[in-house]
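# My questions concern the predicted model and sequence given below.
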Amino acid sequence: MKTRKPDRKKEFRCRVVLAGSENDDPEFTKLIESCGARVVCDRYCYGSMESRQIIHIPEGEDPLLAIARHYLETSNCPRFMPQDEMRARKRRIAELAKEYKADGVIIASNKFCEYWSYERVIDTVILRRDFGLPVCSIEKEYINSASGQLRTRFQAFVESVEIKQIQEEGK
């Protein structure tokens, strides 16, 4: 024991997928990561995952029209409400969590975004029940005006994910 050195401290306590309403504020991601979570992927309406898709511009078509059509046809915004679309969005988040080895999901809807407010509630139930993913569900202002409250929620979520990991290791 006297010669044993402490284990190297991990850079983060859990890995999360961040999904929800449009978010162009890098401070929000920094806030989550300051609470011990590593954001490994985001799945916003127009997030980094959707931005990686190739946009095909047919010959002779106005590029702006092609880009607009692409986003209307491929958007994962909850305004597209058919049941198959809703199920596909849940599967997509679960697939991203698996692909990026995430320990949980944070679903964040902007206040007054009605579509994501409904989706957030549904995601909280479905992702946990059908895919076994821990979920932190929050509604936030467009800017981080309530960062103290958010920090507390994220810290509690990170702790709950850690407890789940410890319990699973003990089985």
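Perfect, thanks for sending it. Please read these numbers as outputs of a predicted model, since none were measured by experiment.

# only C-alpha atoms for contact and neighbour calcs from this point on.
Fine.

# Does Glu159 belong to a helix, a strand or coil?
For Glu159, the assignment made with DSSP: H, G, I helix; E, B strand; the rest coil gives helix.

# Can you tell me how far it is from Gly36?
Relative to Gly36, Glu159 is positioned 9 Å away (CA to CA, to the nearest Å).

# how about the helices in this structure?
Taking DSSP state H as the test, the helices found in the chain are 26-34, 48-51, 63-74, 83-99, 114-131, 147-169.

# ranking the ones you listed by mean pLDDT, which is last?
Of all the helices of the chain, the minimum mean pLDDT falls on helix 48-51 (a mean of 63).

# OK, contacts around the nearest residue to Trp116 once chain neighbours are set aside?
Leaving aside its sequence neighbours, Trp116 sits nearest to Ser109 (CA to CA, 6 or more residues apart in numbering; 5.4 Å). By CA atoms under 8 Å, 6 or more residues apart in numbering, the contact list for Ser109 reads Gly20, Ser21, Trp116, Ser117, Arg120, Ile138, Glu139, Lys140.

# Can you tell me the number of residues neighbouring Glu114?
Residues near Glu114, counting by other CA atoms under 10 Å, number 14.
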